[in-house]
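> return atomic coordinates for the entry below.
(one chain, ligands or ions: 1)
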Amino acid sequence: MTTSTNGAFDRKPFIAGNWKMNMDHVQGITLLQKLAWTLSDAKHDYSRVEVAVFPPFTDLRGVQTLVQGDDLDIAYGGQDLSQFDSGAYTGDISGQFLNKLGCKYVLVGHSERRTIHNESDDVLNAKVKAAFKHGVTPVLCVGEGLEIRQAGTHVNHTLEQLRAGVAGLTADQAAELVVAYEPVWAIGTGEVAGPEDAQEMCAAIRAELGQLFGAETAAKTRLLYGGSVKANNAAAILRERDVDGLLVGGASLDPAEFASIVRFESQLVTD
Ligand SMILES: O=C(CO)COP(=O)(O)O
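So this is what the prediction gives:
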């Protein structure tokens, strides 16, 4: 009797918390400390499941200091970056600055950036390339809104976003890239896509990456699901073959809840 995961997990599972515009730099440190303690108490094995947090920019220096000082195994990243390297871009943050702060990852094209900041596919492609240029791994977010889901064109829509986002990447970059499927109708709504919906889209994304970069490359790219993930639905979603991890919003602000999601393997039913 072995614990059944999603079948194999040839790709290392990746659980990421997107704090969005929550947690000032003092609250952020407290949250990260509590998360680290909770995972340490549970003897979490970071070599089995990677953990990352995406705090607001203003928290990143404090997060870096805590991670370095306490030698934490938790990765962190920015929620956005500029497509430019430096210069007269008021309010923007360069990938170079994120790299200097020890960011391993950066979110690109979260639906809240696509809608509130009108970020186009071309801009997002430039951001993906800027991230690689500065040695930060992009987590490219894709996903459809409710109307598109209801019209049944969600796979085409999401694959279009994907193709635009990865245009011009090398196969090595495509293998390193993380893609997060986040259906907009499931974000912050309590409406979670079913495991089979997550699998349908992740399988389609992997097949498309296979077309573009070759199957061997696509087998390495980690695909996440995001949208109303909680401790009580995480394990079921992660059983799916092509879902390699989760991008968690609201539930990542509660260290106990987020730690339970990270520890999803303890909830998988043995068969
Ligand atoms: O947008 C999300 C993560 O990036 C998902 O947010 P929720 O988990 O709050 O639905």
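
> just the pLDDT for the closest residue to the ligand within the stretch 101-250 of the chain.
For the stretch 101-250 of the chain and the ligand, the shortest gap (Cβ to the nearest ligand atom) falls at Gly249, measuring 2.2 Å. Using the backbone N, CA and C atoms, a C-beta is placed for each residue, glycine as well. For Gly249, the model assigns a pLDDT of 98.

> so which residues on the protein come close to the ligand?
18, 110, 182, 187-188, 226-229, 247-251 (Cβ under 6 Å from any ligand atom).

> apply 8 Å and report the result again.
By the rule Cβ under 8 Å from any ligand atom, the part of the chain lying against the ligand is 18, 20, 54, 107, 110-112, 141, 180, 182, 186-190, 226-230, 247-252.

> now, the residues you listed that are in strands?
Asn18, Phe54, Leu107, Cys141, Ala180, Gly226, Leu247, Val248 (DSSP state E).

> now those as CSV including neighbour count?
Formatted as CSV, these follow (neighbours: other Cβ atoms under 10 Å):
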residue, neighbour count
Asn18, 26
Phe54, 28
Leu107, 25
Cys141, 26
Ala180, 27
Gly226, 26
Leu247, 26
Val248, 29
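
> between the residues you listed, which is nearest Ala235?
Nearest to Ala235, judged by Cβ to Cβ, of these is Val248 at 13.3 Å.

> helices along the stretch 151-271 of the chain, start to end?
154-166, 171-176, 195-213, 215-218, 231-238, 255-262 (DSSP state H, counting those that start in this stretch).

> list phi and psi for Val139.
phi -110, psi 100 (degrees, to the nearest 10).

> show me what contacts it?
Ala16, Gly77, Tyr105, Val106, Leu107, Val108, Val178, Val179, Ala180, Leu224, Leu247 (Cβ atoms under 8 Å, 6 or more residues apart in numbering).

> just Leu159 next, same as before
Ala204, Ile205, Glu208.

> most neighbours among these, which one?
Among these, Ile205 has the most neighbours (other Cβ atoms under 10 Å), with 24 neighbours.

> I figured it hits Leu162, correct?
Yes - assessed by Cβ atoms under 8 Å, Ile205 is found in contact with Leu162 at 5.9 Å.

> joint contacts of these two?
Joint contacts of Ile205 and Leu162 (Cβ under 8 Å, 6+ apart) are Val142, Val179.

> check what pLDDT the residue lying closest to the residue of the stretch 101-250 of the chain closest to the ligand once chain neighbours are set aside gets.
Setting aside the residues directly before and after it, Gly249 is nearest to Asn18 in space (Cβ to Cβ, 6 or more residues apart in numbering), at 5.3 Å. On pLDDT, Asn18 comes in at 98.

> looking at the stretch 1-150 of the chain, which residue is nearest the ligand?
Closest point on the stretch 1-150 of the chain to the ligand, by Cβ to the nearest ligand atom, is Asn18, at 3.6 Å.

> quick check: that residue touching Gly227?
No - contact between Asn18 and Gly227 fails when scored by Cβ under 8 Å: they sit 11.1 Å apart.

> gap between Leu177 and Ala131?
Using Cβ to Cβ, to the nearest Å, we find Leu177 at a distance of 9 Å from Ala131.

> could you check which of those two is surrounded by more residues?
Ala131 (28 against 25).

> contacting residues around the more buried one?
Leu81, Gly95, Val106, Val108, Thr137, Pro138.

> who are the contact partners of the closest residue to it other than its chain neighbours?
The shortest distance from Ala131 to any non-neighbouring residue, by Cβ to Cβ, 6+ apart, is to Pro138 (4.0 Å). Neighbour list for Pro138: Tyr105, Val106, Leu107, Val108, Lys127, Val128, Ala131, Phe132, Leu177, Val178 [criterion: Cβ under 8 Å, 6+ apart].

> just to revisit the earlier point, make TSV from the helices of the stretch 151-271 of the chain and add distance to Ala36 and mean pLDDT to it.
Output for the helices of the stretch 151-271 of the chain, formatted as TSV (distance: least, Cβ to Cβ, whole Å; pLDDT from 0 to 100):
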stretch	distance to Ala36	mean pLDDT
helix 154-166	32	98
helix 171-176	26	98
helix 195-213	28	98
helix 215-218	33	96
helix 231-238	18	96
helix 255-262	9	98
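
> of all those, which one is nearest Arg61?
helix 255-262 (20.6 Å).
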